[in-house]
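**Student:** Show me the folded form of this:
(2 chains)
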2 protein chains.
Amino acid sequence: MGGGLCGGGRRGHLGDYSGRMAIENSPTHFADRWFDLSEKRGGPVCVGIDPVYERLPDELRKHAADPADQVAAIEKFSLAVIESVADHVPMVKIQSACYERYWGPGVAAYHRVIAAAQAAGLLVIADAKRGDIGTSSAHYAAGLLDADALTINSYLGVDGMQPFIDAAAAQGRGLFVLVRTSNPGGDALQSLALQQGGTVAEHVGQMVADSGEAHCGESGYSLVGAVVGATKPADARLLRSIMPKQLFLVPGFGAQGGGAEDVRACFNDDGRGAIITASRSVIYAYASPSDGHWRDAIRDAAIDLTQQIAAIRG
Amino acid sequence: MGGGLCGGGRRGHLGDYSGRMAIENSPTHFADRWFDLSEKRGGPVCVGIDPVYERLPDELRKHAADPADQVAAIEKFSLAVIESVADHVPMVKIQSACYERYWGPGVAAYHRVIAAAQAAGLLVIADAKRGDIGTSSAHYAAGLLDADALTINSYLGVDGMQPFIDAAAAQGRGLFVLVRTSNPGGDALQSLALQQGGTVAEHVGQMVADSGEAHCGESGYSLVGAVVGATKPADARLLRSIMPKQLFLVPGFGAQGGGAEDVRACFNDDGRGAIITASRSVIYAYASPSDGHWRDAIRDAAIDLTQQIAAIRG
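**Tutor:** Take a look at the predicted model:
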């Protein structure tokens, strides 16, 4: 069954991006690792890896009818993206759904891709959006916190989130709780006004702030962060005031329509605290699937992302 | 990579529990399959399979330090539960977190357990509580609807749910959307009162009812069901009035404290529409891990569950 089992090849830390070794009982705080690395390399950005077989370069797709070929192509592509962007950005976010659809072999590839990204010096978010009652949340945390951070869903309340927080705190990992998502339909539930004042998203934001309060690093930021889409600047400003100590993971820049104003609203007044994520605009930056220079296109798009965000931050 | 890849060994239907063969382009509606089978075998109950290595019978645990042994033990135990209960209940719900913590090998085992349960004539719910933006939801649906139904999370709104609904409708599968969970902390978000009236859970219930309206079977029930915990009878009655066409998947009976009154509130007035689930009280019914008759204890607990629910329904 090889090295794909958790508990087997699990490392205590993320490799050697800064030359430090993990200290077994006192891992470096996730937010501190983030600020350290993002200041050294590329600024507050993240490349989202959501590989879909049909959109991959032709040279990786040999036998479209064979699921094994699809998994192999997706893994090769993911590794190529990592190699192309690792010198230019501090973080990647890897969408679990794209791998899970291929069952065991896909999930084995997912964890190999996480490990490869860490070995390349990147911080890695497992974008799996898990959430369950406490016992099951503990199992999910055990399975997915090989990554440096994990996205989670808070609909089951704080007791469903707590096992994730406990596991992350023990291992120097981070969490990003879904608060305000960038999809058009996110409003349906998240924007509802509450009798007690505020919206559902603001209430979840308060839960996140409260849950994260005891888990701040030297940077002043908590290991419990929030997902706040880059398509609702007014909401982002309000959520910033509720969650000043949260890292915001901000999807929606680029392909989903988020622009400069949306991005600015996600940072604190000191210009810190947001992680701007672009996925499709980077990993599919090549002109067409037959473009032999697709690796260069991905690298250039990642560099362009860092420059765009630097310009927005001023 | 074998038969574990989706798209490879995928079947169009759930085997031959009732002697019918699947019709490729017109699968039998999930709710109709549920009523057909539950009336024949055991009534409206479901056994939850949440296997945790430390709680398994001694005879299955040989090398506790070896993750491969843990996966093998969990798979053997799951298959034994299936064999013990398949003649007595219509459905099992299998918790994905317990398998995912073992990465690729665990997920491969998960899908083998799903297939084994279907081969034994059971309807199977993949209890994975997935939810994401539309594209990723489509990938999750592709990966997890080998099961007959899937639990999902609606925090991202209707556009996040729609790919699950489309996939389920095309394949004769079902969904159970988290509405009101049985854990103590579920109140924190789900019970909040909205300015427009009602609570967050009631609003989600209305989203579920609306989303499911176009997808009712001959039974009058929709393929889009709801998770409603058995520990809040007043809420359950209210949610019943909002979602008369939804199957309610009702966890919390037994180990989590739900009793007869809680259960009754989850059925419609005609005594139909709820699926009462018990997990730990059935699968860990044996006196101790050294109990050599653990299979009998599980079978007896499943039979006892069907009798308790029959008595409550009167």
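**Student:** chain center to stretch A:241-258, what's the gap?
**Tutor:** 11 Å (C-alpha atoms, centre = their mean, to the nearest Å).
**Student:** export that stretch as CSV, just CAs?
**Tutor:** Once non-C-alpha atoms are left out, stretch A:241-258 reads as follows in CSV (Å, rounded to 0.1, in the frame of the first residue of the first chain):
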residue,chain,number,x,y,z
SER,A,241,-13.5,44.8,11.3
ILE,A,242,-15.0,41.7,12.9
MET,A,243,-11.9,39.6,12.2
PRO,A,244,-8.8,41.8,12.5
LYS,A,245,-6.6,38.8,13.5
GLN,A,246,-7.7,36.5,10.8
LEU,A,247,-5.7,35.7,7.6
PHE,A,248,-8.3,36.1,4.8
LEU,A,249,-8.0,33.6,2.0
VAL,A,250,-9.4,35.5,-0.9
PRO,A,251,-10.5,33.5,-4.0
GLY,A,252,-12.2,35.1,-6.9
PHE,A,253,-9.4,37.4,-8.2
GLY,A,254,-9.1,37.1,-12.0
ALA,A,255,-11.3,34.5,-13.5
GLN,A,256,-14.2,35.0,-11.1
GLY,A,257,-14.2,38.8,-11.6
GLY,A,258,-12.7,40.2,-8.5
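**Student:** In that stretch, which residues are buried?
**Tutor:** A:242-243, A:245-254, A:256, A:258 (16 or more other C-beta atoms under 10 Å in any protein chain shown). C-beta here means a position set from N, CA and C on the backbone, and glycine is covered the same way.
**Student:** least trustworthy position among those residues, going by pLDDT?
**Tutor:** By pLDDT, A:Q256 ranks lowest within the buried residues of stretch A:241-258, coming in at 65.
**Student:** Most widely separated two among the buried residues of stretch A:241-258?
**Tutor:** Across these, no pair lies farther apart than A:K245 and A:G254, at 27.1 Å, counting by C-beta to C-beta.
**Student:** My read is that A:I114 contacts A:I94, right?
**Tutor:** Yes. Contact status for A:I114 versus A:I94: in contact at 6.3 Å, counting by C-beta atoms under 8 Å.
**Student:** how about JSON lines for the buried residues of stretch A:241-258, with distance to chain B and secondary structure added?
**Tutor:** Shown next, in JSON lines, are those (distance: C-beta to the nearest C-beta, whole Å; DSSP: H, G, I helix; E, B strand; the rest coil):
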{"residue": "A:I242", "distance to chain B": "15", "secondary structure": "helix"}
{"residue": "A:M243", "distance to chain B": "16", "secondary structure": "coil"}
{"residue": "A:K245", "distance to chain B": "20", "secondary structure": "coil"}
{"residue": "A:Q246", "distance to chain B": "17", "secondary structure": "coil"}
{"residue": "A:L247", "distance to chain B": "20", "secondary structure": "coil"}
{"residue": "A:F248", "distance to chain B": "17", "secondary structure": "strand"}
{"residue": "A:L249", "distance to chain B": "14", "secondary structure": "strand"}
{"residue": "A:V250", "distance to chain B": "14", "secondary structure": "strand"}
{"residue": "A:P251", "distance to chain B": "8", "secondary structure": "coil"}
{"residue": "A:G252", "distance to chain B": "10", "secondary structure": "coil"}
{"residue": "A:F253", "distance to chain B": "14", "secondary structure": "strand"}
{"residue": "A:G254", "distance to chain B": "14", "secondary structure": "coil"}
{"residue": "A:Q256", "distance to chain B": "9", "secondary structure": "coil"}
{"residue": "A:G258", "distance to chain B": "13", "secondary structure": "strand"}
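**Student:** just to confirm, which helix or strand has A:H63 in it?
**Tutor:** For A:H63, there is no host helix or strand (DSSP states H and E).
**Student:** What residues does it make contact with?
**Tutor:** For A:H63, the contact set (C-beta atoms under 8 Å, 6 or more residues apart in numbering or on different chains) comprises A:D69.
**Student:** pLDDT wise, what is it at?
**Tutor:** 91.
**Student:** Tell me how far it lies from chain B.
**Tutor:** When distance is defined by C-beta to the nearest C-beta, to the nearest Å, A:H63 is 12 Å away from chain B.
**Student:** same check, this time on A:A260
**Tutor:** The gap separating A:A260 from chain B is 22 Å, by C-beta to the nearest C-beta.
**Student:** How about A:K129?
**Tutor:** 5 Å.
**Student:** likewise A:A72?
**Tutor:** The value you get for A:A72 to chain B, if C-beta to the nearest C-beta is used, is 9 Å.
**Student:** my guess is that residue is in a helix, correct?
**Tutor:** Yes. A:A72: assigned to a helix according to DSSP: H, G, I helix; E, B strand; the rest coil.
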